[in-house]
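K.L.:
Predicted model, plus sequence, below.
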2 protein chains.
Amino acid sequence: MNVGFAQTALDRADHIRADRDALARLMTPAARLLSLDGLDPVIALEGGLEWRSLGEADPQSELLFLGLDGERGCFAEVPRDLKGSMAPAGPKLWRTMSQLGPTDLATYGGARSLVDWHARHRFCAVCGQPTRLAKGGWQRTCTSEECGAEHFPRVDPVTIMLVEHEGDMLLGRQPRFPPQSYSALAGFVEPGESLEGAVARETMEEAGLKVRDISYVISQPWPFPSSLMVGCHAYADDPTITIDETELEDARWFSRGDVVDALDAVQHGEAGRAFRAPPAHAVAHTLLRWWVDRD
Amino acid sequence: MNVGFAQTALDRADHIRADRDALARLMTPAARLLSLDGLDPVIALEGGLEWRSLGEADPQSELLFLGLDGERGCFAEVPRDLKGSMAPAGPKLWRTMSQLGPTDLATYGGARSLVDWHARHRFCAVCGQPTRLAKGGWQRTCTSEECGAEHFPRVDPVTIMLVEHEGDMLLGRQPRFPPQSYSALAGFVEPGESLEGAVARETMEEAGLKVRDISYVISQPWPFPSSLMVGCHAYADDPTITIDETELEDARWFSRGDVVDALDAVQHGEAGRAFRAPPAHAVAHTLLRWWVDRD
């Protein structure tokens, strides 16, 4: 399956991150610096992500090592005044991202998550003192000698689930969704839960449905700000939906024909007869396509 | 499969967390307070986890809501002077945990992760000001009116992989492991990665092996301090191992017979002929048992 945000062409080159000399050797004017507009991507005149020379980085910025493109180091900067964002992606960002190919989208997503994490973790959660970037941007370290706590970028696992009943598919809508839009239910995995436990709990909480035979389908990163979407499938025997009105505005069963129609309409930027399906980069879109193609 | 740390008997009762009145109504002397020795479990005289009355909580402690046991609220406390820990579980903790049944183990694991997270997040990573517990312990909020950032408990996805070549199984050992111990390779999922991407990268980094046909097997929480272990299986065509000596002391291929023998020996607290298998609560143990039983 063609998974969004996951097909980076960069070599993460983990062995270089902790090697100050190797990192320093990469930081030449030949190294590439990813252009960002705040946290949003910048499209080059010739299309694709815009890269500048590392020499153009603001000396006040922290620099993070995204990985290697062949022999060349690729970096992103964390401007001193950058505020991070935990907001979902809006329509303007979606339009920009739709201009990016799969590898550019993955490179952008990984960089966005990391830059945002740095911008929102300038202080130590243990002691409140300032932190500084370490290991090429894959760590922050408390500057207090007494504390010295090490902090690592967050990746927040989220289950997103296709729940099926007699060939129909459960989809719901949050109040913030565009008109007619429905998507798969989803929720953060909590401490002390397995993925399967989170699927069962979230489906019960949000739609009042008991599920069985939970299976894993696919995963993809989702950089708003740092989710790992874990797509699952499950069956419900009793179709009686009771929605959690603090989370959802509606949830209902759609036929396979409705889902096929809505997915096909996405290519033309349109809603289907019954609902508007999630955009192509969303894991819910990939999951629904997997479901309609599976039999 | 019988997954460790995942079979809690408590109802997480998400709808109560944000409802101050409902939470207050639960905080009676009939409510239960989990006994902890620092972050370690306390075994009751009659066996199982020790619970006290909520009335015995230190007034200086922050209280977090673990969930409902029937109608009764279950809580844990975050003592003011508690330091968290990112250390792996040591032999003494393992021995204590081996006295707990599956539901107690899950309740303890979830509570430990959450208590530890609070102890290590008393300050706001965005602005450095103190945070306070919110939503029954499922959030911390910055006390600075200007900032007010909301912080959520971490769950760190980790891939752990059974890599197979012509019926043999790849296992490695870290220098910190007990003598003769080998386990499945594992590593944190990074921002911008899918689960499958993390499996492929970690196996290449740690053992120099290229894998194909990665599949999901099972997941379980691992509260040292807050991992979600995601167990996968993959095949390697070329068995030539090149270990990353900063991570591993050794990695080698074991026959199915060696694995069966080592798993059976765990029940007697012993090493097998070829190696010592991971303890029963570890996801690597469950994975290996799945592998030897699958055909």
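P.N.:
It's in. Numbers count the residues shown, from 1 in each chain, chains lettered A, B, ... in the order given.

K.L.:
Pull the CA coordinates from stretch A:271-289 and hand them back as CSV.
P.N.:
Output in CSV follows, covering the C-alpha atoms of stretch A:271-289 (Å, rounded to 0.1, in the frame of the first residue of the first chain):
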residue,chain,number,x,y,z
ALA,A,271,-17.8,14.6,-2.0
GLY,A,272,-19.4,11.3,-2.8
ARG,A,273,-23.2,10.6,-2.9
ALA,A,274,-23.3,9.7,0.8
PHE,A,275,-20.3,11.5,2.3
ARG,A,276,-16.9,13.2,1.7
ALA,A,277,-14.0,10.7,2.2
PRO,A,278,-10.7,11.7,3.9
PRO,A,279,-8.0,13.2,1.6
ALA,A,280,-5.4,10.9,-0.2
HIS,A,281,-2.5,11.4,2.3
ALA,A,282,-4.7,10.5,5.3
VAL,A,283,-4.3,7.0,6.7
ALA,A,284,-8.1,6.7,6.8
HIS,A,285,-8.2,7.0,3.0
THR,A,286,-5.5,4.3,2.6
LEU,A,287,-7.4,2.1,5.1
LEU,A,288,-10.8,2.5,3.3
ARG,A,289,-9.1,1.8,-0.1
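
K.L.:
where does chain A have low pLDDT?
P.N.:
Along chain A, the parts satisfying pLDDT under 70 run over A:1-2, A:295.

K.L.:
hmm, what's the outermost residue in it?
P.N.:
A:E146 (35.1 Å; C-alpha atoms, centre = their mean).

K.L.:
need the contact list for the nearest residue to that one once chain neighbours are set aside.
P.N.:
With C-beta to C-beta, 6 or more residues apart in numbering or on different chains as the criterion, A:E146 has its nearest non-adjacent residue at 7.6 Å, and that residue is A:C127. Where C-beta positions appear, they are placed from N, C-alpha and C, glycine not excepted. Taking C-beta atoms under 8 Å, 6 or more residues apart in numbering or on different chains, we find A:C127 in contact with A:142, A:144, A:146-147, A:149, B:123.

K.L.:
and A:C127, what helix or strand is that in?
P.N.:
Using DSSP states H and E, A:C127 falls within no helix or strand.

K.L.:
which SS class is the closest residue to chain B within the stretch 1-150 of chain A?
P.N.:
Of all residues in the stretch 1-150 of chain A, A:G110 sits closest to chain B, at 2.3 Å by C-beta to the nearest C-beta. Assigned by DSSP: H, G, I helix; E, B strand; the rest coil, the conformation of A:G110 is helix.

K.L.:
hang on, it packs against B:P191?
P.N.:
Yes - using C-beta atoms under 8 Å, A:G110 makes contact with B:P191 at a distance of 5.5 Å.

K.L.:
list residues touching both of those two?
P.N.:
A:221, A:223.

K.L.:
and A:A106, that's in a helix?
P.N.:
Yes - assessed with three-state DSSP, A:A106 lies in a helix.

K.L.:
who touches the most centrally placed residue in chain A in this structure?
P.N.:
Compute the mean C-alpha point of chain A, and by C-alpha atoms, centre = their mean the closest residue is A:W222, 0.9 Å away. Listed by C-beta under 8 Å, 6+ apart, the contact set of A:W222 reads A:5, A:109, A:158, A:228-229, A:283.

K.L.:
Briefly note if the helix or strand containing A:L287 comes near chain B.
P.N.:
Take DSSP H and E as the rule and A:L287 turns out to sit in helix A:283-293. No - Helix A:283-293 does not reach chain B (C-beta under 8 Å from any C-beta of the partner chain); its nearest approach is 9.7 Å.

K.L.:
Show residues contacting that helix.
P.N.:
A:1-4, A:160, A:162, A:164, A:169, A:183-184, A:186, A:217-220, A:222, A:229, A:231, A:233, A:256, A:259-260, A:262-263, A:266, A:277-279.

K.L.:
Which members of those occur in strands, if any?
P.N.:
A:160, A:162, A:164, A:169, A:186, A:217-220, A:222, A:229, A:231, A:233 (DSSP state E).

K.L.:
Return the set of buried residues in the helix holding A:L287.
P.N.:
Neighbour-count burial for helix A:283-293, counted by 16 or more other C-beta atoms under 10 Å in any protein chain shown, picks out A:283-289, A:291-292.

K.L.:
of all the residues in the stretch 51-200 of chain A, which ones are close to chain B?
P.N.:
Counting by C-beta under 8 Å from any C-beta, the stretch 51-200 of chain A sits next to chain B at A:84, A:106-107, A:109-111, A:113-114, A:117, A:120-131, A:138, A:149, A:151-157, A:188-197.

K.L.:
Now, of those, which are buried?
P.N.:
Of those, these count as buried by 16+ other C-beta under 10 Å: A:84, A:106-107, A:109-111, A:113-114, A:117, A:120-129, A:131, A:138, A:149, A:151-157, A:188-197.

K.L.:
so A:V126 touches A:C147, yeah?
P.N.:
Yes - the criterion here is C-beta under 8 Å, and A:V126 meets it with A:C147 at 5.7 Å.

K.L.:
rewinding a little: I'd like the distance between the residue of the stretch 1-150 of chain A closest to chain B and B:A134.
P.N.:
30 Å (C-beta to C-beta, to the nearest Å).

K.L.:
Equivalent analysis for A:S98, please.
P.N.:
Distance from A:S98 to B:A134, by C-beta to C-beta: 37 Å.

K.L.:
before we move on, what about A:R276?
P.N.:
Relative to B:A134, and taking C-beta to C-beta, A:R276 is found at 35 Å.

K.L.:
What sits closest to A:P102 if chain neighbours are left out?
P.N.:
Closest residue to A:P102 apart from its sequence neighbours, by C-beta to C-beta, 6+ apart: A:Q7 at 4.5 Å.

K.L.:
cool, and A:R120?
P.N.:
A:G84 (3.7 Å).

K.L.:
and the one you found, how far is that from B:R95?
P.N.:
Computed as C-beta to C-beta, the A:G84 to B:R95 distance reads 43 Å.

K.L.:
So which bits of stretch A:90-104 are buried?
P.N.:
Going by 16+ other C-beta under 10 Å, stretch A:90-104 has these buried residues: A:93, A:96-97, A:100, A:102, A:104.

K.L.:
The residue of the stretch 1-150 of chain A closest to chain B: what's it in contact with?
P.N.:
Contacts of A:G110 by C-beta under 8 Å, 6+ apart are A:5, A:8, A:10, A:66, A:221, A:223, B:190-193.

K.L.:
Please flag which of those residues sit within strands.
P.N.:
Under the assignment DSSP E, the contacts of A:G110 contribute A:66, A:221 to strands.

K.L.:
Of the contacts of A:G110, just say which sits nearest to A:E205.
P.N.:
Of all the contacts of A:G110, A:E205 sits closest to A:P221, with 24.4 Å by C-beta to C-beta.

K.L.:
so what's the closest one up against?
P.N.:
Counting by C-beta under 8 Å, 6+ apart, A:P221 has contacts A:5-6, A:106, A:109-110, A:113, A:155, A:227-229, B:191-194.

K.L.:
Which other helices and strands does whatever helix or strand A:E202 lives in contact?
P.N.:
With secondary structure defined by DSSP H and E, A:E202 is part of helix A:195-207. If you count contacts as 3 or more C-beta pairs under 8 Å, 6 or more residues apart in numbering or on different chains; DSSP states H and E, helix A:195-207 packs onto strand A:156-165, strand A:168-173, strand A:185-188, strand A:211-222, strand A:227-236, helix B:14-17.

K.L.:
Residues in contact with it: which ones?
P.N.:
So helix A:195-207 is in contact with A:157, A:159, A:161, A:163, A:170, A:172, A:185-190, A:193, A:209-211, A:214, A:216, A:230, A:232, A:234, A:236, A:241-244, A:247-248, A:251, B:6, B:8, B:12, B:14-15, B:219, B:228, B:230, going by C-beta under 8 Å, 6+ apart.
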